[in-house]
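[1] Here's a sequence, model it:
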Amino acid sequence: MAGKFISMRNLKFLMYEVYDVVALTKTEYYRQHNQKAFDMVLDAAMKLAQKLLYPLFEEMDRKAPYLEDGKVRVHPQVRDIMKEFGEGGWIGASFPEAWDGEQLPGLLHCACHLITASANYSAGVYSELTSGAARLIYSFANEELQTTYLPNMMAGNWQGTMALTEPQAGSSLSDITTTAYPTDQGYYRLKGTKVFISAGDHDGVDNVVHMLLARIDGAPSGVKGISLFLVPKLRVEGKNLVPNDVSVSQVFHKMGYRGAPITELSFGDKDDCRAFLVGEPNRGLSYMFQMMNGARIGVGLGAAAIASAAYYAALDYCKTRPQGRKLGQKDPATPQVPIVEHADVRRMLLFQRAVVEGAEGLLMQCAMYEDYLNCKPKEEHDRYHLLLELLTPMAKTYPSEMGILSTSAAIQCLGGYGYCEDFPVEQHFRDCRIHPIHEGTTGIQGMDLLGRKVIMQEGKAFLLFQEEVRKDLDAARGLAALQPLVQKLEAAMQTLEQTTLKLGGLFAQKGVEVFLADATLYLEMFGIIAVAWQWLRQATAAQNALDGKPKSADLNFYKGKLVTARYFYAYELSKIHSIVLRLTDGDPLTVEMDSAFFND
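    Numbers count the residues shown, from 1 in each chain. Next up is the predicted model:
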């Protein structure tokens, strides 16, 4: 199996020409790095993806995990993958040096994650989950737990997970019932069930460490009574690992994303599951949000990566598949042309590229804000924290929702072949479908954005977002070729502000249920505008490069960027107008629709 799944040229364009990752090396926190080192890391990530991950892309899907004798069996090379990610330092790559990490910029980690996820999304999930769990332990656990669990997790010997969801409590975490009973032995006895736990058990590692939300017996109801626990599959007793009364109830058989197991777990069936409190009691949800927010951006990143792989598979096919002739050519004796020569096929390819590279830009924008939290003065941290909070629902949702449409367009480019297992795009489509669901559904992200992020601190995050966009509008204003984009984005920003104010008035008039009824549509509109902002940033960098007389080998890349930006503004940004009509018409029809009306 061979093929291109991501553009290294585009990743370097984003890192160096749009977001200027090298500028970070002038700060104290990142001063030990340089561009040469960044290039070496990118090259290493690509080699890892090409040699280890991509060859297993189809095989891990065809040979899905299964439950046998109470153990989850995964592809045998998962163990090699985890070992490679551990020994290569990838699990702790962005961790501070004080935490035995490489202290690499988040921008670089984002690019590397895009590479590995586009090669084989399922294979990369194992290490990313472990990294997120390890960061929680470093941030909030006591020294004993850190010493006991982190070395093997960082080495890739032990898996890390995030265990939140229960059969009766998915998005509504206030309803979890898993209970931790205090003892005088330094641990709690845990009883409960968790479902949809990614990599919740498997034989590709020697142990699994769950970061788990539960309620201490007698704790307050709701989210205020939730605590965070570390719960290993095998607990450490002296020099031995012994079973910790954690069992696998089932492995879910999924539509896609089959290379990594999703499990249902039962804790404490024999009253011998020991859970170790992380941080203070009843503060678990605030701790877990560190991992959840990172996971939400990671979900968006995975969706963008899958869409990238599908796009390049479609592009390769369209360049090599002859079919028909250019319109106006009537002679059947003339040679057929590759289908990339047909305008409608180019439209589908432009759509995919616009989604993929626009989403990648939004994800790197978030990574840049994370880097600023590490290296900028503390008095500026509130600004970047608020911006990151505001963008996270969009960074999760836009790639997830649009990735489905983008991979579907890839199938359409291949026609009937795209629907068959002979080509990879059908698997990309199946793999992509999970992303609007896990780590907070699209509906939850919409309510989070409109109901919390936009209005928090009296709208401060929203105002900061407007400031950021204005800076880039000003930077593009001096470039004559970009004036149509500048004018359209300015108009879109005015529409966003007016719509937000009108929805605020709706809240005051009709209450929270009507206010949030179409929060998903508001998220869709805001996400399109946020990606249009990213396309202006990319178009500005491309136009500046063209004005500077670049190498001839780069001309088509920059020109392609400008045309794709124009496509996004013409075909995608224009969609906000119909969304705004619905958001502002004041008709709460979904609220007024009685559930009984769905009956025949």
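[2] Which positions within stretch 444-462 qualify as buried?
    Going by neighbour count (16 or more other CB atoms under 10 Å), the buried part of stretch 444-462 is 444-451, 453-455, 459, 461-462. Glycine gets a C-beta too; all of them are placed from N, C-alpha and C.
[3] Can I get those residues in TSV including distance to L405, pLDDT and secondary structure?
    Listed next are the buried residues of stretch 444-462 as TSV, based on distance: CB to CB, whole Å; pLDDT from 0 to 100; DSSP: H, G, I helix; E, B strand; the rest coil:
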residue	distance to L405	pLDDT	secondary structure
I444	20	94	helix
Q445	17	95	helix
G446	18	96	helix
M447	22	95	helix
D448	22	95	helix
L449	20	97	helix
L450	22	96	helix
G451	26	95	helix
K453	24	96	helix
V454	25	96	coil
I455	30	93	coil
G459	31	95	helix
A461	28	97	helix
F462	27	97	helix
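[4] Out of these, which two sit at the greatest distance?
    Spanning the widest gap among the buried residues of stretch 444-462 are I444 and G459, at 21.2 Å by CB to CB.
[5] Start from the N-terminal end of the stretch 351-500 of the chain and give the strands.
    In the stretch 351-500 of the chain, no strands are defined using DSSP state E, counting those that start in this stretch.
[6] again, but for the stretch 201-350 of the chain
    Along the stretch 201-350 of the chain, counting by DSSP E, counting those that start in this stretch, strands occupy 207-216, 226-232, 234-237, 240-243, 246-251, 262-267, 274-278.
[7] Let me have the ones you listed in JSON lines, extended by mean neighbour count, distance to L114 and mean pLDDT.
    As requested, the strands of the stretch 201-350 of the chain are exported to JSON lines (neighbours: other CB atoms under 10 Å; distance: least, CB to CB, whole Å; pLDDT from 0 to 100):
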{"stretch": "strand 207-216", "mean neighbour count": "25", "distance to L114": "25", "mean pLDDT": "97"}
{"stretch": "strand 226-232", "mean neighbour count": "25", "distance to L114": "29", "mean pLDDT": "97"}
{"stretch": "strand 234-237", "mean neighbour count": "16", "distance to L114": "34", "mean pLDDT": "96"}
{"stretch": "strand 240-243", "mean neighbour count": "12", "distance to L114": "35", "mean pLDDT": "96"}
{"stretch": "strand 246-251", "mean neighbour count": "18", "distance to L114": "28", "mean pLDDT": "96"}
{"stretch": "strand 262-267", "mean neighbour count": "22", "distance to L114": "23", "mean pLDDT": "97"}
{"stretch": "strand 274-278", "mean neighbour count": "24", "distance to L114": "30", "mean pLDDT": "98"}
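[8] possible to save those strands as a markdown table with distance to L523?
    As requested, those are exported to a markdown table (distance: least, CB to CB, whole Å):
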| stretch | distance to L523 |
| --- | --- |
| strand 207-216 | 25 |
| strand 226-232 | 25 |
| strand 234-237 | 41 |
| strand 240-243 | 44 |
| strand 246-251 | 32 |
| strand 262-267 | 25 |
| strand 274-278 | 31 |
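[9] right, and those - which one's nearest K488?
    Minimum separation from K488 across these (CB to CB) falls at strand 262-267, 41.7 Å.
[10] and that closest one, how far out from the chain's middle?
    Taking CA atoms, centre = their mean, to the nearest Å, the mean C-alpha location of strand 262-267 is offset from the chain mean by 23 Å.
[11] Packing partners of the helix or strand encompassing I115?
    Assigned by DSSP states H and E, I115 belongs to helix 106-119. Taking 3 or more CB pairs under 8 Å, 6 or more residues apart in numbering; DSSP states H and E as the contact definition, the neighbouring helices and strands of helix 106-119 are helix 8-12, helix 35-48, helix 121-140, helix 284-320, helix 343-375.
[12] could I get those helices as JSON lines with distance to T193 and mean neighbour count?
    Listed next are the helices and strands packed on helix 106-119 as JSON lines, based on distance: least, CB to CB, whole Å; neighbours: other CB atoms under 10 Å:
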{"stretch": "helix 8-12", "distance to T193": "41", "mean neighbour count": "17"}
{"stretch": "helix 35-48", "distance to T193": "36", "mean neighbour count": "16"}
{"stretch": "helix 121-140", "distance to T193": "20", "mean neighbour count": "24"}
{"stretch": "helix 284-320", "distance to T193": "17", "mean neighbour count": "24"}
{"stretch": "helix 343-375", "distance to T193": "33", "mean neighbour count": "22"}
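[13] pLDDT weak spots in the stretch 401-550 of the chain?
    Judged by pLDDT under 70, the stretch 401-550 of the chain has no weakly predicted residues.
[14] A532 reaches A491, doesn't it?
    No: counting by CB atoms under 8 Å, no contact exists between A532 and A491, whose distance comes to 10.6 Å.
[15] So which of the two has more stuff around it?
    A532 (23 against 13; other CB atoms under 10 Å).
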